[in-house]
Structures are given as structure tokens and as C-alpha cells.
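**Q** Model the structure of this input:
(one chain, ligands or ions: 1)
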Amino acid sequence: MAFPTNIRMLFLCVMFTTILSNCLVPSVAELRRFEQATTKADGSLSFLVVGDWGRRGGYNQTEVAHQMGIVGEKLDVDFVISTGDNFYDAGLTGVDDPAFDESFTDIYTAPSLQKQWYNVLGNHDYRGDALAQLSPILKKLDSRWLCWKSFIVNAEIVDFFFLDTTPFVDKYFNNPKGEVYDWRGVLPRDHYLSNLLKDFDLALKESNAKWKIVVGHHTIKSAGNHGNTDELIVHVLPILKANYVDLYINGHDHCLEHISSSDSPIQFLTSGGGSKAWRGDVDWWPNPEEMKFYYDGQGFMSVQITPSRVDISFHDIFGNVLHKWGTSKQLYSST
Ligand SMILES: *[C@@H]1O[C@H](CO)[C@@H](O)[C@H](O)[C@H]1NC(C)=O
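**A** Next up, the predicted model:
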């Protein structure tokens, strides 16, 4: 049976469109890039880091936010980083979930915090509608919001690499508690992870910024409740070492923590004290030389970066600086 030419053309057209759209579906990690403008002449930046926070103000979330506002003002911060677990207990139910206002917009109200927020997803965010947090609709509701699974932020003197760590963790794929995770865009998992690691490694290699900072939700090294994340020690840590990453910043353990490395310059910084904290929940750390600081209450971290120096501080909800650390790098000439 012969179809008229126009019908055949229609078939071809539909087939072609289907093939094309399948090819364009981003089944692999896409590392989007954003530029962070610097207002200071030497490219210096300052920012705050908060993690594990969205509880409608509860568990001292409001108190943490208040102190962030004060410190943010003092340091004239350029932006804020969230290390994930943005909305408890199970992420957002959708783009119209009132938790977005109740846990974010209505909480971080200080003038100094009305800056860009760079957010990653935590394991609790994956238990809701994970894609809702990536939706441009949220940016319309609150222009500060920027969240992708993995992405890069280029500033003049520092490059930030935000890494989607939840899909690395085996137990979420094989969990006896029967928790449901939103793996849209992540499956098949092996494919997703190998592409992500390849893109991540390549992006780090291509970076010629003076400082390199990697941000993820999960710990690499931690003495807190969750402890180390073995999957990240195996797959991610070697890439950080090979590419001279300066700081790895995470949440997940509900504490403030600084662990240094005896075999590399990498500092492991946990800022997961945005709301409910695990008081007293600390493990023995095998290498006391590396353990610089641990606080099991609420708070956040601030970071100041100049072309030659990085300084970090951890703050509690009373305005105390609990711990400070800094390091210098020789200024180099690019000629
Ligand atoms: C809030 O912070 C104070 C001071 O650290 C602490 O004593 C109190 O237990 C915290 N409340 C909650 C609910 O975590």
C-alpha cells in the first residue's frame, strides 16, 4: 500500500524529530558554567557557607540566619553557598511547595544575604521532587536561587566546582528502609557517574584560576555521625589531589568541622550546622594532627579569598568565631 507523498513526509518528519530529541536529552552530566562578578579591584571575594538547613526556621535555623546576616554585612559578602539538604525532610514536593518560602525566602531576610545563592542537592532533596529545585520557576519566586546538580562558577581568582554527590552513595540505591529517591536524569547510574567524573576532572584540569574549591553535599572526611563517604574517597578524592584542589566544602554531617590532610594541601570543611545539629555525636579521629576543629552545634562558615590568601572562620549562633584558619600562596606572574 502506497501512502501519498505528504503523509510519507510527515512520517519521516516525526521520526527525525524523535531521533533528534532523544539525542538532545541530557542523559549525562552537563557542567553548566556561571560567572561570578567581583566588585573589588584585585578580584578578592568573600562568601558564606551554610548546609542542612530547611526546617521552616526551626532548630535554630532562624538564629543561624540572623548571624549570617550580621557576618555577611561585616564581610560585605558577594554570595552564599548552600551545601545541600535544602529542604527537610524530603526536599520540595514541587515548584509550588510553600516550604520554598517558609524555609528559604522568609528566613534569610537580612540585606547582606540578598545576593546570589549557589545551591547543590543533598540526599534529603533527592527524596522529593529533585528537579523542582532546578526549575527556573524558583528563580522567578526568589531571584537569589540558583541550583543545579553539578556546575561551575568562575570568578577571577577562584573557580568553584559544585559536584552532585548523592548518586555516588551505594546505600541510597539499595536501601532497606525503602526510601524513595528521585533519580530522574541520573539513571543509568554507571553512565551518569562516569560521565560526571570525566567532565569534572576535565574542568579541573582546564582551570587556571589561582584557587580551586570543590563543593558537594557529602563528606569526604568527617568524624561526625555519617563519617567518611567511602565512595567519594575512592572516586573523587584522587581527582581532587591530582588537580591541586585547595578546599573541599560539604555538609551532610550536622556540625562544623575542619580536617586537614597529612598527604596533600586539601582542607576538608564541613558546614552542615544550618538547623538541627547532632549534639555530642562525634567519633574518634585516627589522626589527631589532621583534626583541627569540631563543633556539634549550629552555625556556618565564612570565607575570604584574595589573590594570595584564603581565610576561613566558623561562627556560632551567638556571634562567636569558633575557629579560624588561613593559608597563603605566592603571587605568580602570568607573563
Ligand atoms: C539552639 O541553640 C542553643 C545554643 O547553642 C542550644 O542550647 C539549643 O539546644 C538549640 N536548640 C535546638 C532546638 O537545637
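**Q** Let's see the pLDDT reported for the residue in the stretch 1-150 of the chain that the ligand sits nearest to.
**A** Closest to the ligand within the stretch 1-150 of the chain is residue 60: 3.9 Å, counting by CB to the nearest ligand atom. C-beta coordinates here come from the backbone N, C-alpha and C atoms, glycine included. In this model, residue 60 is scored at 97, pLDDT.
**Q** What about it, how many residues nearby?
**A** Residues contacting residue 60 under the criterion other CB atoms under 10 Å number 22.
**Q** Leaving aside the residues adjacent along the chain, what's closest to it?
**A** Excluding its sequence neighbours, the residue lying closest to residue 60 (CB to CB, 6 or more residues apart in numbering) is residue 298, at 4.4 Å.
**Q** Residue 63 is in contact with that neighbour, correct?
**A** Yes - the criterion here is CB atoms under 8 Å, and residue 298 meets it with residue 63 at 6.9 Å.
**Q** Now do the shared contacts for those two.
**A** Between them, residue 298 and residue 63 share these contacting residues under CB atoms under 8 Å, 6 or more residues apart in numbering: residue 317.
**Q** Comparing the two, which residue is more hemmed in?
**A** residue 298 (27 against 16).
**Q** Over to residue 324: give its phi and psi.
**A** Main-chain torsions, residue 324, degrees, to the nearest 10: phi -130, psi 150.
**Q** Pull up the per-residue confidence for residue 283.
**A** 78.
**Q** so who does the residue nearest to residue 60 touch?
**A** 59, 60, 61, 63, 64, 273, 274, 275, 277, 316, 317.
**Q** what helix or strand is the first one on?
**A** Assessed by DSSP states H and E, residue 59 sits outside every helix and strand.
**Q** That one: neighbouring residues, count only.
**A** Residue 59: 19 neighbours (other CB under 10 Å).
**Q** and it, what does it touch?
**A** 275, 276, 277, 298.
**Q** before we move on, what about the fourth one?
**A** Counting by CB under 8 Å, 6+ apart, residue 63 makes contact with 298, 317.
**Q** Quick check: it is in a helix.
**A** Yes - under DSSP: H, G, I helix; E, B strand; the rest coil, residue 63 falls within a helix.
**Q** my read is residue 248 is in a helix, agree?
**A** No - secondary structure assignment (three-state DSSP) places residue 248 in strand, not in a helix.
**Q** For it, list the residues it contacts.
**A** Counting by CB under 8 Å, 6+ apart, the residues that residue 248 touches are 213, 214, 215, 216, 220, 240, 266, 267, 268, 269.
**Q** Buried ones among these?
**A** Neighbour-count burial (16 or more other CB atoms under 10 Å) applied to those gives 213, 214, 215, 216, 220, 240, 266, 267, 268, 269.
**Q** mind giving me a markdown table with those and columns for pLDDT, secondary structure and distance to the ligand?
**A** Listed next are the buried ones among the contacts of residue 248 as a markdown table, based on pLDDT from 0 to 100; DSSP: H, G, I helix; E, B strand; the rest coil; distance: CB to the nearest ligand atom, whole Å:
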| residue | pLDDT | secondary structure | distance to the ligand |
| --- | --- | --- | --- |
| 213 | 98 | strand | 28 |
| 214 | 98 | strand | 29 |
| 215 | 98 | strand | 25 |
| 216 | 98 | strand | 25 |
| 220 | 98 | coil | 26 |
| 240 | 98 | helix | 32 |
| 266 | 97 | coil | 30 |
| 267 | 98 | strand | 25 |
| 268 | 98 | strand | 24 |
| 269 | 98 | strand | 20 |
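**Q** Doesn't residue 204 lie inside a helix?
**A** Yes - Residue 204: assigned to a helix according to three-state DSSP.
**Q** Tally up the residues packed near it, please.
**A** Using other CB under 10 Å, residue 204 has 19 other residues around it.
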